[in-house]
Structure formats: C-alpha cells, structure tokens
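Engineer: Got a sequence here, can you model it:
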Amino acid sequence: MAGRVKLKQKEGNKKMSYLKFPNLNNQQIQTYETLSVLEASAQHNAKLRAAENAALEKQKRDAENEKLSAQHLEHSRREREAEAEARRKEAAANFEADLRRKFFEGNSFASESDFRVMWPELRKRAMLENTGTADKSEELMRQSGSYSRM
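Structural biologist: Numbering: from 1, shown residues only. Just a heads-up that it's a prediction; the model follows:
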C-alpha cells in the first residue's frame, strides 16, 4: 500500500490530492484514482465539445461565405451580361448612324424615305464588308504566325 503511494508520487502527478495523505487504504486510493480519471475525462470531453462547436461554427461560416460568393458571382455575371447588351445596342445604334451619315454624304439630295428604301441593301453591304475585313485580319494573323492553331 505504501509502495503504491510512493510509486504515484514518483510519477510526478501533482494533480492528485490523495498523494498528500500517505496513510490511505486501497479503497480510498482507488476512489481518488477513479475521481482523477473522471475529472480528466470530463476535461477531455469539454475540450472535445469545444472543438466540435468550433468546427461547426467554421462550417457555418464557410457555408455562408460560399453562399455569398455564389451570389457575388451571379451578380457579376448579370452585370457583365447587361454591359454586353448595352454595348451591343450602342454598336447597333452607331452602325445605323454611321450608315445614315455615309448615305447622306454620298447622296446629298436624298430623302429619309430613300434611306429607308435602301436601308436593307446598305446594311447587307456593310455586313459583307465587315466580314471581309474580319477574314483579311484573320489571314494576316495566320501569315504572321501569331494565329493559334486549334
């Protein structure tokens, strides 16, 4: 019995208060050991609960951040689409205004109705010219070697 208490004292476990009383019987020593194990277990369980709670909070924050990120991406996508649509409308308006200006510069005595009659043909010619310009620029890029081959 006394050897057991001395053994416990040598281990250096200062937390166990029963080591201060060397005249305890085996039942008392076992009771203190059990209490010590229960206390350590309770502390360990409290740490585990705290870690689980921290992990759950982190998961909640991550889910919220992911949700906000998805909303931000969707908002950005909608903004880009709106900007592209605005540019497309502006380009179409500029296209018509440019054709109108060129038509009236070339035909100073023409009327608005003449322009409206010629509008489909003018638009078709301009589109073909733009296509030809795009084909020429593509050909130049191929010749210069800066055209990436697919």
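
Engineer: How many residues are close by Leu35?
Structural biologist: Each residue near Leu35 was counted by other Cβ atoms under 10 Å, and the total is 13. C-beta here means a position set from N, CA and C on the backbone, and glycine is covered the same way.

Engineer: what about it, helix or strand, and which?
Structural biologist: Here Leu35 sits within helix 26-106, counting by DSSP states H and E.

Engineer: Ok, Asn23 next?
Structural biologist: Judged by DSSP H and E, Asn23 forms part of no helix or strand.

Engineer: Any regions of the chain where pLDDT drops low?
Structural biologist: 1-21, 132-150 (pLDDT under 70).

Engineer: circling back: if you count contacts, what does the helix holding Leu35 end up packed against?
Structural biologist: Judged by 3 or more Cβ pairs under 8 Å, 6 or more residues apart in numbering; DSSP states H and E, the packing partners of helix 26-106 are helix 2-11, helix 112-144.

Engineer: Show me the chain divided up by domain.
Structural biologist: Residue ranges for each domain of the chain read 2-110, 111-150, as given by automatic domain parsing.

Engineer: tell me, what residue is most central in the protein?
Structural biologist: Ser69 (4.9 Å; Cα atoms, centre = their mean).

Engineer: And for this structure, the residue most distant from the center?
Structural biologist: Largest centroid distance in the chain under Cα atoms, centre = their mean is Asn23 at 66.4 Å.

Engineer: where does that residue sit relative to Glu33, distance-wise?
Structural biologist: Counting by Cβ to Cβ, to the nearest Å, the separation of Asn23 from Glu33 is 16 Å.

Engineer: One more: Ala42?
Structural biologist: Relative to Glu33, and taking Cβ to Cβ, Ala42 is found at 15 Å.

Engineer: Then Ala91?
Structural biologist: According to Cβ to Cβ, Ala91 stands 85 Å off from Glu33.

Engineer: Fine, thanks again, bye for now.
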